[in-house]
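J.: Okay, sequence plus prediction incoming.
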Amino acid sequence: MKKWLKKVLIILVILGAVGGLGSTAYNRYRDKIAMFKKGKGEELDLSTPVAVSKVTSGSIRESLVLNGDVVPNAEVNIFSTVPGKVKDTPVQEGDSVNKGTILAYIDRSEAGLTFAPTPVSSTIDGIVKEILVEDGAYVTPQVPLFQIINMDYVEVVLRVPEKDIYRVRKGLGAEVSVVSYPNKTFFGKVDRLSPVVDPVSRTLETRIRINNRNHTLKPGMFGEVHVIIRKKNDAVIIPFSAVINRDGKDVVFIVREEKAVQVDPEFDIREGNIISVVSGLEPGDRVIIIGQHNLNTGDSVKVTEEIE
């Protein structure tokens, strides 16, 4: 057999084998290929499935979140004005007292000398926090006998970082939560700011004043405080999950006529998992919150879920 004829036969055998394999592969996977078609003769659906959420309007606020300790509105030590022995203490720890309430009597009698007992009185309205002496003890005017606290108002002492000092001012509202009352929020206001910054911690002592007539908050509690820096009503709001970074810029994608459209809004306040925008979006627009990371303007999308 001539060489050229032999080569032709070999090529024909190879082509036949390849054709057979192609036919076998097609028959094996044709059912799977058909699953991706919408119908007979139609193109494959290459739309990207996405989840969307509608742009809404509502209230949003900017808060500074800090931790602080609850302290009484006033705490004073009570002293005797004369030396002598404690003769009687008609109060107990936890008792409510008024300014002028007698807390104890001091007997300053000595051998051969008898004096009328000298009363020791509270100098403020409040509660007896601690009794520091016992009956019969000898005291001098330099030794504190009682501690009285006023809890009708309490303060939460915060340490505002130096970088945030410009954001805090007297009169701002605040919300306080403590672990003892997990489902309760206490409302107060920024009442006092230290005139100086602590040179060690680089913080500014700030005090939140809270009405506490029922004495629910106890001095010594630890609270989380949200100082409300500013609040906007009727703001345009979107889920923060809609925001992605594209070429160094924060952007979102919206759906228009089943196409993805990139929008570069002007963002404003973020609160938790929502953020407000000043321009670029309107209530009712549908922003993509899942599936937007690989999209470009003009890409076909298919909305598979709309999340409220």
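T.: Right, received. Where do you want to start?

J.: and stretch 85-93, which residues are buried?
T.: Residues of stretch 85-93 classed as buried: K85, V86, T89, V91 (neighbour count, 16 or more other Cβ atoms under 10 Å). The way it works is simple: take the backbone N, C-alpha and C, and place the C-beta from them, glycine included.

J.: Report all helices and strands that the helix or strand containing the second one contacts.
T.: Read that as V86. Under the criterion DSSP states H and E, the helix or strand holding V86 is strand 84-88. Applying 3 or more Cβ pairs under 8 Å, 6 or more residues apart in numbering; DSSP states H and E, one finds that strand 84-88 makes contact with strand 102-107, strand 138-139.

J.: The helix or strand just after the longest one pairs with which strands?
T.: Spelled out, that is strand 102-107. For strand 102-107, the succeeding helix or strand toward the C-terminus, using DSSP H and E, is strand 118-121. With DSSP bridges as the criterion, the sheet partners recorded for strand 118-121 are strand 102-107 (antiparallel).

J.: Give the burial count for P72, as a bare number.
T.: The tally of other residues near P72 (other Cβ atoms under 10 Å) stands at 23.

J.: In contact with it: list those residues for me.
T.: Listed by Cβ atoms under 8 Å, 6 or more residues apart in numbering, the contact partners of P72 are G126, I149, N150, M151, V154, E155, P219.

J.: Please apply the same query to I165.
T.: I165 makes contacts with V197, L204, as judged by Cβ under 8 Å, 6+ apart.

J.: before we move on, what SS does it have?
T.: The three-state assignment at I165 reads helix, by DSSP: H, G, I helix; E, B strand; the rest coil.

J.: Let me know the distance separating it from R192.
T.: I165 sits 14 Å away from R192, taking Cβ to Cβ, to the nearest Å as the criterion.

J.: same check, this time on R159
T.: When R159 is compared with R192 (using Cβ to Cβ), they lie 13 Å apart.

J.: Now do the shared contacts for these two.
T.: Jointly contacting R159 and R192 under the rule Cβ under 8 Å, 6+ apart are T206.

J.: Settle it for me: which of those two has more neighbours?
T.: Counted by other Cβ under 10 Å, R159 and R192 do not tie: R159 has more neighbours, with 16 against 13.

J.: nearest spatial neighbour of that one, skipping sequence neighbours?
T.: By the measure of Cβ to Cβ, 6 or more residues apart in numbering, the closest residue to R159 outside its immediate chain neighbours is T203, 3.8 Å from it.
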